[in-house]
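S.K.: Fold the following and give me the result.
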Amino acid sequence: MLLIYGTLLPARILEEIRFWKQQEMEHTEFIQTVVPALEQPYVRLFNEWHVVFAETERAADALLRQILEHGASVPAHLISQVEQLLRVSFDQSQHFIRQLHDLRNASPAVRQAPLADKVLLHIIRESEYFLGVLETLNAPGALERLMESAKPDQTIHPLLAEDKSAQEAAQNPSSHHSDTPGTEITALAHKSGSNAQTAETSAAPDAVEAGAADTNADAEAEPRAASESAPSGGDGSGSVYGPTGTSKPVPIGGHRLPPLPYPYHALEPYIDEATMRLHHDAHHKSYVDGLNKAEKMLEDARRTGNFDLVKHWERELAFHGAGHYLHTIFWSIMNPKGGGSPTGELAQQINQDFGSFERFKKHFTEAADKVEGSGWAILVWSPRSHRLEILQAEKHQNLSQWDVVPLLALDVWEHAYYLKYQNKRADYIHNWWNVVYWPEVAERFRHARNLKWTPF
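M.R.: Next up is the predicted model:
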């Protein structure tokens, strides 16, 4: 698959490294949230890793800017630096994974936290995923060989990343602590190695205090959904995120993470509390942040007239915007009072368009199970065809349709189910039907069905 980027493959790899290290950086924070009584040697270790991952992400950004300046004609010395950064990134993740395994075995605080082991296994799996995706490129000369073997018409422009501060840093290299990305990569390789050495000493089992405080998930703060800012309807009465005629438009870059309409543990035993916390507070929040940044960067492009990076920011707008909007629907169409089957006009429309509810459910289940990679299964209303349809979406936005209104969305990204179901996506889908809240789906349908275009 990476072959399709041809001579622009180095830039695509740098994008992947950037996202990869951002995820690992967030994981160092999340581990400390899940295990609040984590021993101090491990706290120091994860704080060090946070710095290392942040510097690696910054190095990828700096190198990406140089690649962008050269377009499709990337000089050999930059290709060599990309390969070096890829090797450093691999070494980091391999050390990080080993230390996470050591943490599982050596930390009393982790053993005492009921959810910690599952969270650590999930984080390990995510780092291993990135290692697997880029494994074939982590060899001297592999990148250049792949670029040369690509046909000219196979090359597509990667969607390059750059924020305002990065542009300023590129224009003023003296403000950066490294003169070139190459020297920074060398420093990262050294720091990654010393970090691993630190782990073998300060985070060793005999350096951990055996009398660490007991960790109990029930002692955590009240769920976000239980706060005064939570919308009404969380008890199953009425629509939580339904249409309203009084809301003001969201200002550019002003999207907010919606609170859950129920406590984190409300969907158990079908969807566990740890998954809901990670999924809502970390993953959905990242889509909100990404959407806001994309909107602001596009606003800045309109103000300055500089649209050099419009392809990248439009891609970010689509990915993060679709992720935010689908997750907002996802939380609302689930409820502890869910399950069963729809009634009323929605039931009639399903019977009309799919033959029966059982056929619809089978079709939707199979579509969700067979989403390739990460993505969604979505029931939509088509104002053009005047009927319901079932669509798949890879990631959040690929392979979907325009001019439709989503009614029911099922997230089959791995982070939506791995902590409880591991790789058993089919089991997750089967149990998810127990929390589908049909009154909310019916409310969305009631509004959507009034939208009808001339059929063609």
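
S.K.: contacts, neighbours, all on C-alpha from now
M.R.: OK.

S.K.: The helix or strand containing Ser127 - contacts with which helices or strands?
M.R.: Mapping Ser127 onto the secondary structure by DSSP states H and E places it in helix 116-134. Under the contact criterion of 3 or more Cα pairs under 8 Å, 6 or more residues apart in numbering; DSSP states H and E, the helices and strands touching helix 116-134 comprise helix 9-34, helix 76-106, helix 108-112, helix 418-421.

S.K.: The nearest residue in space to His27 that is not next to it in sequence: neighbour count?
M.R.: Closest residue to His27 apart from its sequence neighbours, by Cα to Cα, 6 or more residues apart in numbering: Ile123 at 6.9 Å. The number of residues packed around Ile123, counting by other Cα atoms under 10 Å, is 22.

S.K.: try Pro342
M.R.: When counting by other Cα under 10 Å, one arrives at 18 neighbours for Pro342.

S.K.: What residues does Val379 make contact with?
M.R.: Just so we're on the same page, residue 379 is Leu rather than Val. For Leu379, the contact set (Cα atoms under 8 Å, 6 or more residues apart in numbering) comprises 364, 388-391, 406-409.

S.K.: now swap in Leu298 and tell me
M.R.: 310, 313-314.

S.K.: Just the buried ones from these?
M.R.: The neighbour-count test (16 or more other Cα atoms under 10 Å) marks 310, 313 as buried among these.

S.K.: Show me the contacts of Leu298 that map onto helices.
M.R.: When helices are assigned by DSSP state H, the members of the contacts of Leu298 inside them are 310, 313-314.

S.K.: Switch the residues you listed over to CSV; also include pLDDT and distance to Lys296.
M.R.: CSV is the format used below for the ones in helices among the contacts of Leu298 (pLDDT from 0 to 100; distance: Cα to Cα, whole Å):
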residue, pLDDT, distance to Lys296
Val310, 84, 12
Trp313, 86, 10
Glu314, 87, 11
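
S.K.: Show me which of those residues is closest to Ala294.
M.R.: Closest to Ala294 out of the ones in helices among the contacts of Leu298 is Trp313 (5.4 Å), distances taken as Cα to Cα.

S.K.: How many residues are close by the closest residue to that closest one other than its chain neighbours?
M.R.: When the adjacent residues along the chain are set aside, Trp313 lies closest to Ala294, with 5.4 Å between them (Cα to Cα, 6+ apart). Number of residues near Ala294 (other Cα under 10 Å) recorded here: 25.

S.K.: Next: the one 5 residues further on.
M.R.: In terms of burial, Glu299 registers 14 neighbours under the definition other Cα under 10 Å.

S.K.: Arg277 contacts Tyr264, doesn't it?
M.R.: Yes. When contacts are counted by Cα atoms under 8 Å, Arg277 is listed as touching Tyr264 (6.5 Å).

S.K.: More neighbours: the two, which one.
M.R.: More neighbours surround Tyr264 than the other of Arg277 and Tyr264, with 21 against 18 (other Cα under 10 Å).

S.K.: Tell me the predicted confidence for the spatially most central residue of the chain.
M.R.: The central residue of the chain, meaning the one whose C-alpha is nearest the mean C-alpha position (Cα atoms, centre = their mean), is His283 at 5.0 Å. In the predicted model, His283 carries a pLDDT score of 86.

S.K.: List the buried residues in stretch 248-263.
M.R.: Taking 16+ other Cα under 10 Å as the basis for neighbour counts, the residues of stretch 248-263 that come out buried are 253, 255, 257-263.

S.K.: State the mean pLDDT of the one helix or strand Val43 maps to.
M.R.: Assigned by DSSP H and E, Val43 belongs to helix 40-70. pLDDT averaged over helix 40-70 equals 89, rounded to a whole number.

S.K.: what's the answer for stretch 395-414, then?
M.R.: What stretch 395-414 shows for mean pLDDT is 80.

S.K.: cool, and stretch 361-373?
M.R.: Within the predicted structure, the mean pLDDT of stretch 361-373 is 92.

S.K.: what distance separates that stretch from the centre of its chain?
M.R.: Stretch 361-373 has its average C-alpha position 20 Å from the chain's average C-alpha position, going by Cα atoms, centre = their mean, to the nearest Å.

S.K.: can you list the weak-confidence ranges in the stretch 251-400 of the chain?
M.R.: Residues of the stretch 251-400 of the chain meeting the criterion pLDDT under 70: 399-400.

S.K.: now the stretch 101-250 of the chain
M.R.: In the predicted model of the stretch 101-250 of the chain, residues 141-247 satisfy pLDDT under 70.

S.K.: on that earlier part again, quick one: the residue nearest to His27 and Phe53, what's the gap?
M.R.: Note on Ile123: its distance to Phe53, by Cα to Cα, to the nearest Å, is 15 Å.

S.K.: Could you save the helices and strands packed on helix 116-134 as TSV and add columns showing mean neighbour count and distance to Leu451?
M.R.: Below are the helices and strands packed on helix 116-134 laid out as TSV (neighbours: other Cα atoms under 10 Å; distance: least, Cα to Cα, whole Å):
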stretch	mean neighbour count	distance to Leu451
helix 9-34	20	38
helix 76-106	19	50
helix 108-112	21	52
helix 418-421	20	37
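
S.K.: need the strands for this structure, in chain order.
M.R.: Listed from the start of the chain, the chain has strands (DSSP state E) covering 375-382, 387-394, 405-411.

S.K.: ok, the first one: who's next to it in the sheet?
M.R.: Partner strands for strand 375-382, per DSSP bridges, with pairing direction: strand 387-394 (antiparallel), strand 405-411 (antiparallel).

S.K.: so how far is the longest one from its chain's centroid?
M.R.: Here strand 387-394 is found 21 Å from its chain centre; the criterion is Cα atoms, centre = their mean.

S.K.: from here on, count from 163
M.R.: I'll keep to 163 as the first residue from here, and by that count the last item is strand 549-556.

S.K.: That strand: which residues count as buried?
M.R.: Across strand 549-556, burial judged by 16+ other Cα under 10 Å covers 549-556.
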